[in-house]
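>>> Build the 3D model from these lines:
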Amino acid sequence: MTGADRPAGPFVAFKRHVRAESVPGEAVFVWSDKDVTAVRGAGVETLASLLDGSRTLPQLLREAAAAMPVAEAGRLVRRLAEANLVGYRSDGRRAEDAGAEGRSAEAYWDRAGLEGAAAQERVRSTPVSLITVGDVDGDEAHAVCRAAGLDTVGADVDAPFALVLCEDYLHPRLRSLAALLRGRGRPWLLARPYGAEPWTGPVFTPPGHGEGSPAGSRPQGPPGHAPHGSPGHAPHDSPGHRPQGSPGHAPRDRAGQAPRDRAGQAPRDRAGQAPGGPAGQAPGGPAGARCLAPDADPGPCWTCLAHRLRAHRRAELEVERVLGLDGPVARPAPSLAAVRTLGLHSAALEASKWLAGLRVPEQRAVCVLDSLTLRSTHHPVTRRPQCPDCGDPGLVAARTRRPVVLVSRPKAAGGGSNDRALSAEAMLDRHAHLVGPLTGIVTGIRPVAGLPEGLYAYDSGHNLALRAHSPAGVRRVLRARSGGKGATAVEARASALCEAVERYCAARQGDEPTVRDTWAGLGAAAVHPNDCQLFHDRQYAVRDRWNAVHGPFHQVARPFDTSAPTDWTPLWSLTGRTRRLLPTSTLYFETSPGGAPDGLWADSNGNAAGSSPEDAVVQGFLELVERDAVAVWWYNRLRVPALDLDAFDAPWLAGLREAFGRAGRTLAALDLTTDLGVPAVAAVSMPEGDGQPDFVCGFGAHLDPRLALRRAVTEAAQLLPAPQPMPGGTLLSQPQLLADQGEPARGPGAWPAHRRREDLLADVEDITALVARHGMELLVLDQTRPDVGIPVVKVVVPGLRPFYARFAPGRLYDVPVRTGHRSRPTAFEELNPVPLPV
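Okay, here's the model as predicted:
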C-alpha cells in the first residue's frame, strides 16, 4: 500500500512495548520487558498477522471476516486492548519504519497506556518554561532537560507548562511565583534536584485546567468499536476519556475463557507472578494510569503544600526567629554529581510524563529518592478546602461562629472503645492518611524507647503547645513531644494520633474568626482571661523573677490590659445557649514571632480530638476535671485515700502491674475526686528499695471510675522513661504522693452514682447539668480543620483550675474545705512551692 493509498487512520496494532510471535496451532506469545503472555485461540492467530499498524479497525475487521464473525473479531480486539496489548496509532507506520530512538520512546508511552507516537510528539513539541529558584545551576538544568527531549525555554517565556527547580520547597520566592503561574493558568512541576534525597513533584494545576491533557492531545481509547472523528481522537465509547476496560485481566479466547498455555497455566515471570504485574495493573502499564477531562478537580496548590511543610518545621522556624532570619536556614546539600544529574533527570522525566498525557495519583505527591538506598517514597499532597489561594478561606471562621449543635451518638460496642463513638482500631484505619513525615498532619507514630515490656506509649511529633522566647526555650521546644498511651499498642497509637491532631488544629493559622475590641467595649459577652488562667496578683508582682527560673508551662503571663484592643474569638456556651468571647491568644497556640501582642498565651487545657464532636466535648471536659483535681491535690499537698487495685479486677491492669514490677517500680493509685463527683485518679510509681528516690505521676478522669484508673495508670507508664527527681531528695516535702492510711482503700463501688450511658449526647447533657449546678459555665470552641476531618474542640469552664502553678482565689482554696480535707483554706504562703512536673 502506497502513502497515497493509505487511509487516514487511526490505525490499530500491537502496542510498541510488546512483541508478538505466533506458534501455529499453539498460541500467540506476547513479550513485554517484564513478562510473556500466551494468548490462545485460532482467532487470535488470525488477528496477530493483521495487527501490524497498517490497518484501520474497519479494515482489520473486514480482512478477519474470512476466519471469524466480525462481532467476535471486534470483541477479541477490545479484550486485547483492555489488557494493554493493542491500541490505536495516529499514523500507519510499521514498527520498523521508526528509528531506534523513536521506537524506544514510543514503546515507553505505549507501555504507560498512551498512544506512543502522539505522546512522544506532545513531549517534543510543547515548550516548557524552565525556572530556577535559589542556588540551582540553570545551564546544567537546561542541558539535562534538552538531552531528555524537552523543549525548554527561558523563565520569562509564558510556556504551556513550567518546570520549577528550587533549593528549598519553602523558598520565599515560590509564593509569588506560584501566584504568577496560577494567574496565567499554567500547570507546573516543582522539584528540588539537589541534596542526598532529591524531591520531585507534585504537579500543580490551576483552576479550570484540572488534570486535562495538553491542548490538542485528547488521549486515545482502546479499539473495539469503529472509531469516530478525526485521527487522534478516541472513539466515543466514553466521550473525552480513554476507557480503562479491565486492567490486569488477560484477554479471553473464543470460548470466553482466559487464555492459557498448554499446561493450563498462564506463563509467569521470574518472580512467579502472572503476566501483567501487580494486581489491578494492566500488563506492562501502570496501575491507575488515566487522562482526565480539563474540568476535573485541580488538586492542591503550592500554598497547601507549604502549609504542611511549615507545620513540620515549627522548631526550625523558632530557631530562625531567634536568629533574626527572614527565611529558611540555608541547609547543607550533601550530594554528588551523579545525584544532581539523577535529580534533574527525575524532574525531566516527570515533566515528560505530564506533557505526554499520563495522569496518575502520584503526580499529586512529592517523590523523595534516597540516593544511598535508591528507595523512593511518595508523600501525597492534600488540597486544603480552607486554603486562601485555592479554597474558601472563610470556612473555619464560618464554622466557628455557628452555635455548637450536638446530636445523638451511640457509643461503639465492645470494651475497646473506652466509651467513644469509634474503637481505637477504627480511628487508626479511618485516619491513617493523616500520618506522613513530609505532608501528613502527623510526622509519624513511633514507640517510645525505654519502656518495659507490656507498657505502651507512642511519640507523635513536636508539641505545638510550647513556645520559645530564647535559645534555651528553643532547646526545650526541640525536646518536647506529643504522644499517647494506652493499655494496648493500638490504644496508644490512636491516642498519639489524636493528641498530635489536637495540637495541630489548635495552632493559630490566620483564618480563625476574631473581633477586635477592648474587654470593656464587648460587655457581658466577654470573659476576662484571668477567669481561666487564674494568676494571683502576688504572682504578677514577682513575675520576672519567677519566669527566670521556671519552665515554659509555669510561666506567669503579663497582667491583662482591659482598656487595650485585642483579638477575641467566639465560643458557644452549652449552659447558657449563647455566644461568649475570650482573647484569641488564649484559645490558639500562637505561631507568629514573639507571641501575641497582648502578652497572653494558650495552653492545651481542655483541648481534645475525638471520634465525633460529642466525644471530643466529653474528652475535653474530662481533662479539665482531671487537671482541676490534680491542682487541688498537689498545691494543697492533700493526703487522699488509695484505690484498691485488687478490687479493679481487669486483665489490662494485671498486665501493667506486672510490667511495673519487672521495671523494679511500685504502682499505687490515689483518689483525687473533688466536689464535682467525677472520678479522678493519680497513679504514682516510685522505685522499689532504698535507691535514689524519684517518682512518676499519671492522671485520669472519667465518668466511669475504671476508665479513670486506666487513663492514670497508662499515663504513668508513658512517663516511666523520664522519672522526676524527688524534691529535696525525700518524700517529706511532698507527702501527697502517699495515700492517707487513715482512710480505707476504695474500689469501683465508691462511686455509686455512676451509671453508664449508651449515647455520648447523654454524657454531654449530664456534664452540662453538672457544670450548671456548680454555678459555672461550659464553653466549647470548635477547632476542627476542614483538611483534617477529626473533630477537635477546646472546652473551657472558667473557674476550673489548670494544673500549672496558678494561685488566684477560687477552687484551689475552697474545694479542700468543701470535701473535708481541710478545716480552713490553705494560705497562699503554705501552697506547695514546687510546681507540678509536666
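
>>> how far does stretch 108-117 sit from the chain's center?
Offset of stretch 108-117 from its chain centre (CA atoms, centre = their mean, to the nearest Å): 34 Å.

>>> mind showing which ranges of this structure have poor pLDDT?
For the chain, the stretches with pLDDT under 70 are 1-9, 91-99, 208-296, 318, 327, 414-417, 463-480, 593-594.

>>> on contacts alone, who are the packing partners of the longest helix belonging to it?
Counting residues, the longest helix found in the chain (DSSP state H) is helix 613-636. Contacting helix 613-636 under the criterion 3 or more CB pairs under 8 Å, 6 or more residues apart in numbering; DSSP states H and E are the following elements: strand 607-609, strand 680-685, strand 694-701, helix 760-773, strand 779-782, strand 792-796, helix 811-818. C-beta coordinates here come from the backbone N, C-alpha and C atoms, glycine included.

>>> and those as CSV, adding mean neighbour count and distance to Leu114?
Below are the helices and strands packed on helix 613-636 laid out as CSV (neighbours: other CB atoms under 10 Å; distance: least, CB to CB, whole Å):
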stretch, mean neighbour count, distance to Leu114
strand 607-609, 26, 44
strand 680-685, 26, 62
strand 694-701, 23, 58
helix 760-773, 18, 51
strand 779-782, 24, 46
strand 792-796, 26, 44
helix 811-818, 19, 70
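
>>> For Pro24, find the nearest of these.
Checking the helices and strands packed on helix 613-636 against Pro24 by CB to CB gives strand 607-609 as the closest, at 67.4 Å.

>>> now what about the closest one, what contacts it?
498-499, 501-503, 505-506, 616-617, 619-620, 623, 783, 790-795 (CB atoms under 8 Å, 6 or more residues apart in numbering).

>>> follow-up on the earlier one: which one of the helices and strands packed on helix 613-636 lies closest to Leu534?
Nearest of the helices and strands packed on helix 613-636 to Leu534, taken as CB to CB: helix 811-818 at 7.7 Å.

>>> Can you tell me which of the helices and strands packed on helix 613-636 is nearest to Ala548?
Among these, the nearest to Ala548 by CB to CB is helix 811-818 (24.0 Å).

>>> what sits up against that closest one?
Contact with helix 811-818 is made by 534, 628, 631-632, 635-636, 638, 674-675, 799-801, 822-826, 831, as judged by CB under 8 Å, 6+ apart.

>>> among the residues you listed, which ones are buried?
Buried members of those, counted by 16 or more other CB atoms under 10 Å: 534, 628, 631-632, 635-636, 638, 674-675, 799-801, 826, 831.

>>> I'd like those laid out as a markdown table, including distance to Thr562.
What follows is these, written out as a markdown table (distance: CB to CB, whole Å):
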| residue | distance to Thr562 |
| --- | --- |
| Leu534 | 17 |
| Asp628 | 26 |
| Ala631 | 26 |
| Val632 | 28 |
| Tyr635 | 27 |
| Asn636 | 30 |
| Leu638 | 35 |
| Thr674 | 31 |
| Asp675 | 31 |
| Gly799 | 19 |
| Leu800 | 22 |
| Arg801 | 22 |
| Thr826 | 29 |
| Leu831 | 27 |
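
>>> Out of these, which is nearest to Ala602?
Set against Ala602, the nearest of the buried ones among the contacts of helix 811-818 by CB to CB is Leu534 (14.4 Å).

>>> Name all residues that make contact with Val681.
643, 669-672, 699-701, 705, 708-709, 711-712.

>>> Pull out the buried members of those.
For these, buried by 16+ other CB under 10 Å: 643, 669-672, 699-701, 705, 708-709, 711-712.

>>> of those residues, closest to Phe807?
Among those, and counting by CB to CB, the member closest to Phe807 is Leu672, at 18.6 Å.

>>> Is that closest one in contact with Ala682, as I believe?
Yes. Using CB atoms under 8 Å, Leu672 makes contact with Ala682 at a distance of 5.4 Å.

>>> What ranges does the stretch 501-650 of the chain have for its helices?
Ranges of helices in the stretch 501-650 of the chain, per DSSP state H, counting those that start in this stretch, are 519-522, 530-533, 537-541, 543-549, 613-636.

>>> Okay, angle between the helix or strand that the longest one is followed by and strand 680-685 too, please.
Same thing as helix 613-636. Sequence-wise, the next helix or strand downstream of helix 613-636 (DSSP states H and E) is helix 651-662. Relative orientation of helix 651-662 and strand 680-685, computed by axes from the mean of the first three to the mean of the last three CA atoms, to 10 degrees: 30 degrees.

>>> next one: the helix or strand following helix 651-662 to chain centre, how far?
Reading on from helix 651-662 to the C-terminus, the next helix or strand found by DSSP H and E is strand 668-671. Put simply, strand 668-671 sits 37 Å off its chain's centre (CA atoms, centre = their mean).

>>> Please name every helix or strand in contact with strand 668-671.
If you count contacts as 3+ CB pairs under 8 Å, 6+ apart, strand 668-671 packs onto strand 680-685, helix 705-719.

>>> would a markdown table of the buried ones among the contacts of Val681 with distance to Pro748 be doable?
Shown next, in a markdown table, are these (distance: CB to CB, whole Å):
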| residue | distance to Pro748 |
| --- | --- |
| Leu643 | 9 |
| Ala669 | 12 |
| Leu670 | 15 |
| Asp671 | 11 |
| Leu672 | 15 |
| Phe699 | 18 |
| Gly700 | 14 |
| Ala701 | 15 |
| Pro705 | 5 |
| Ala708 | 10 |
| Leu709 | 8 |
| Arg711 | 14 |
| Ala712 | 14 |
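
>>> For Pro385, state which of these is nearest.
Arg711 (33.7 Å).

>>> Let me know the distance separating the closest one from Ala683.
9 Å (CB to CB, to the nearest Å).

>>> now swap in Leu760 and tell me
26 Å.

>>> What of Gly486?
Counting by CB to CB - Gly486 and Ala683 are separated by 14 Å.

>>> Now the common contact residues for the two.
Common neighbours of Gly486 and Ala683 (CB under 8 Å, 6+ apart) do not exist.

>>> hang on, the earlier thing: export the helices and strands packed on helix 613-636 to a markdown table and tack on distance to Leu656?
A markdown table is the format used below for the helices and strands packed on helix 613-636 (distance: least, CB to CB, whole Å):
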| stretch | distance to Leu656 |
| --- | --- |
| strand 607-609 | 24 |
| strand 680-685 | 9 |
| strand 694-701 | 11 |
| helix 760-773 | 26 |
| strand 779-782 | 33 |
| strand 792-796 | 28 |
| helix 811-818 | 30 |
